[in-house]
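> Pasting the sequence and the predicted model now:
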Amino acid sequence: MALQIDWKNLGFKYMQTDSYVRIDYTKGKWGQIQVCTDIMMQLHVAATCLHYGQACFEGMKAFSQADGSVAVFRPDENAYRMNATAQRLMMVAPPADLFNEAVRQVVKENREWVPPYGTGASLYLRPLLIGSSPHVGIHPSEDFIFLLLCMPVGPYYKDGFFPVRALVQERYDRAAPHGVGNVKAAGNYASAMQGDFTGKDEGFPISLYLDSASHKYVDEFGTSNFFAITKDNRYVTPASTSILPSITNKSLQVVAADMGMIVECRPVLFDEITTFAEIGACGTAAVITPVYSITRGDKVYTFGNESQAGEVLTKLFKTFQGIQYGEMEDRHNWCHKIL
Ligand SMILES: Cc1ncc(COP(=O)(O)O)c(C=O)c1O
């Protein structure tokens, strides 16, 4: 029976699909890919993921293409980043080949859940890696469990591609200079929740974090990178050791360069924001969220029009989505057709 899903009105939230995949790492090697349907799993009560935060994840998407196939956007980048995170947290992540095979398998098993072309929705993939060995004295896990969940999602923000208001967080820092802000450790999200959610309570859908050492430089938003378009049409994004290397940002920089823009990845002083014409938050979930205003203390800086995204952000967004849905030329081979 065909699924009864209102594809055009999906939110960005957990939904149970037919199955997920699991791979166990034990005795120093990865086992077979298992397709699982039971959403409850057994875990040792002393597992290092529960006590010491040996847990990390990734976020990526599969898209129904204009030609009827299904493609995943830059899965090698996620495999690479999960390996970088794992190394930092003394964990072991699946090598890229195994990671990619798990991606192909989970999408194949859940083919019906891939939103149809033209709905604006996609299949979100959530790779998760946890340390599963029991330890009460601090020690890296010897065994790991890799899970890969998938679910159909609509746009991250229910209003879609509309400008939002951002708040600079002064009370809570996101990441220490030589900490783990540059990897996708699960604990990063727990520590950012209080800032992000107090900001939301105050009417700001996203919070902007500055470098925690001096609060002079822009780092990133709670769950997305910061980029700006200068008044003379350059793409500027912060270089910092405490931000997550966003795959969307990396790709947007290429799209911007392809469009003839100068791209600058360098430390960005907060005081420079008055020189920016447009500001965007970018990430897998929303691609680009235009930022209309940034509030810091009693100062409010505005960019463009409150009810409409700026011209350059709109062009970048449309080009990016056009590539993801197979409507525009994929010059850099980012879309991996898997079905
Ligand atoms: C802290 C943070 N920064 C940036 C991003 C955007 O990264 P990507 O474009 O790879 O999704 C995310 C989302 O994954 C994130 O959680």
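Looks like it came in fine. This structure is a prediction, so every number in the text was calculated from the model and none was measured. Residues are numbered from 1 along each chain as shown.
> Count the neighbours of the residue nearest to residue 310 when sequence neighbours are not counted for me.
Nearest non-adjacent residue to residue 310, counting by C-beta to C-beta, 6 or more residues apart in numbering: residue 278, 3.6 Å away. Heads up, the C-betas are built off the backbone N, CA and C, glycines and all. For residue 278, the tally of surrounding residues (other C-beta atoms under 10 Å) stands at 26.
> Spell out which residues of the stretch 1-150 of the chain are next to the ligand.
Within the stretch 1-150 of the chain, the positions near the ligand by C-beta under 6 Å from any ligand atom are residue 59.
> need the helices for the stretch 1-150 of the chain, in chain order.
Using DSSP state H, counting those that start in this stretch, the helices of the stretch 1-150 of the chain run over 48-52, 75-88, 96-109.
> Now render these as TSV, adding mean pLDDT and distance to residue 60.
Formatted as TSV, these follow (pLDDT from 0 to 100; distance: least, C-beta to C-beta, whole Å):
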stretch	mean pLDDT	distance to residue 60
helix 48-52	98	21
helix 75-88	98	5
helix 96-109	97	8
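> Of all the ones you listed, which one comes closest to residue 18?
Judged by C-beta to C-beta, the one of the helices of the stretch 1-150 of the chain that comes nearest to residue 18 is helix 96-109, at 6.1 Å.
> relative to helix 75-88, how tilted is the closest one?
Relative orientation of helix 96-109 versus helix 75-88 (axes from the mean of the first three to the mean of the last three C-alpha atoms, to 10 degrees): 120 degrees.
> that older thread, can I get the helices of the stretch 1-150 of the chain in JSON lines with mean neighbour count?
Shown next, in JSON lines, are these (neighbours: other C-beta atoms under 10 Å):
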{"stretch": "helix 48-52", "mean neighbour count": "19"}
{"stretch": "helix 75-88", "mean neighbour count": "20"}
{"stretch": "helix 96-109", "mean neighbour count": "18"}
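> how about these in TSV, adding distance to residue 200?
As requested, the helices of the stretch 1-150 of the chain are exported to TSV (distance: least, C-beta to C-beta, whole Å):
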stretch	distance to residue 200
helix 48-52	27
helix 75-88	26
helix 96-109	31
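> Which among those helices is found nearest to residue 324?
Comparing the helices of the stretch 1-150 of the chain by C-beta to C-beta, helix 75-88 comes nearest, at 12.8 Å.
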